[in-house]
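Visitor: Give me the fold of what follows.
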Amino acid sequence: MLYYRIMNEDLAISALAGLAHPQRLRAFRALVVAGLPGLTPSVLADRLGIARNTLSFHLKELSHAGLVTIEQQGRNLIYRADFSRMNGLLGYLTEHCCQGAPCEVSSPGASIPCC
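Guide: Below you'll find the model as predicted:
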């Protein structure tokens, strides 16, 4: 599925603005690393070494930007990176990087000839 087709300029700007803070970027990257199991805010705060109330503010901003999802599991909230939105943003940003032609890498470590 081509996720970037649902991405538009307004959504891209919102996502980029959501990432435009060091603590939000670090939190998002930690959630990407955590993968589908996600993390609770307390575990994430401990891993990042930031106060939980500060992290709560940043997670809210990432959620509003559509970059994280939240699931209630019992008494816990589980935060996960929204991989479809992330892929949509990456696809949107690189959609025309090779002047409309697909960018293909012939082997691992090879440079992309047109980008």
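Visitor: separation between Arg24 and Leu67?
Guide: Counting by CB to CB, to the nearest Å, the separation of Arg24 from Leu67 is 9 Å. (Each C-beta comes from the backbone N, C-alpha and C, glycine too.)
Visitor: Apologies, that question was intended for His21.
Guide: His21 is 12 Å from Leu67, by CB to CB.
Visitor: Equivalent analysis for Ser84, please.
Guide: Relative to Leu67, and taking CB to CB, Ser84 is found at 11 Å.
Visitor: Those two: which is more packed in?
Guide: Leu67 (25 against 14; other CB atoms under 10 Å).
Visitor: Which parts of the protein are helices?
Guide: Per DSSP state H, the chain has helices spanning 9-19, 22-34, 41-48, 52-64, 83-94. These are given in chain order.
Visitor: In CSV: those, plus mean pLDDT.
Guide: Formatted as CSV, these follow (pLDDT from 0 to 100):
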stretch, mean pLDDT
helix 9-19, 94
helix 22-34, 97
helix 41-48, 96
helix 52-64, 95
helix 83-94, 90
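Visitor: TSV for those, including distance to Gln72?
Guide: Shown next, in TSV, are the helices of the chain (distance: least, CB to CB, whole Å):
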stretch	distance to Gln72
helix 9-19	22
helix 22-34	17
helix 41-48	12
helix 52-64	13
helix 83-94	20
